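Visitor: sequence unknown, structure follows:
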């Protein structure tokens, strides 16, 4: 749901979201517009939590950095996004930030599609994640697939028994795609 149509600055965004009536709501700044992150559905939410869990276990076991869930915001190319899960390495950010939106883009962002997603907004987010150097996994629960976006490479579409791997940003991470969709 878009709350206004006039493009705003990141400073105006910060002032608006800090108003008392907005404290318990989640917002993103996409293409100069404030977009409220709506409640997903149980399936998309569970898949996002599962993806964050798989990432968190691997990252913790290998001391790589930290993983955030669906309330962790990031500044991406001058906009503010709240991915369903994200990872940032210790080498890029030693200490956990205290700001509502991490000033650094994550190494990896995970977006789980739900009925409230807007195609135009997702295209903008994909472009900005890639421009920021963030690897992006878009999980599509309806098609039971994962789209993998890495800057300078063609997108990959993985499903079923395909293996989703962490590449150079998450060495050793491997997940059979169908595990994200199992009931």
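Guide: Looks like it came in fine. The structure displayed is predicted, hence computed values, not measured ones. Residues are numbered from 1 along each chain as shown.
Visitor: correct me, but residue 160 touches residue 181?
Guide: No: Residue 160 is not in contact with residue 181 according to C-beta atoms under 8 Å; the separation is 9.3 Å. Backbone N, C-alpha and C define where each C-beta goes, glycine included.
Visitor: Neighbour count: the two, which is higher?
Guide: Shown here are residue 160 and residue 181; by other C-beta atoms under 10 Å, residue 181 has more neighbours (19 against 10).
Visitor: In this structure, which residue is most central in space?
Guide: By C-alpha atoms, centre = their mean, the chain has its centre lying nearest to residue 83, at 2.3 Å.
Visitor: any idea of the pLDDT on that one?
Guide: At residue 83, the predicted lDDT confidence score is 96.
Visitor: where in this structure is pLDDT low?
Guide: Residue ranges of the chain with pLDDT under 70: 1-5, 39.
Visitor: Would you map the helices across it?
Guide: Applying DSSP state H to the chain gives helices spanning 10-17, 42-62, 119-131.
Visitor: Residue 158 versus the residue of the chain most remote from its centre, what's the distance?
Guide: What lies farthest from the middle of the chain is residue 20; by C-alpha atoms, centre = their mean that is 25.7 Å. Separation of residue 20 from residue 158 (C-beta to C-beta, to the nearest Å): 44 Å.
Visitor: just residue 182 next, same as before
Guide: Distance check for residue 182 against residue 158: by C-beta to C-beta, it reads 15 Å.
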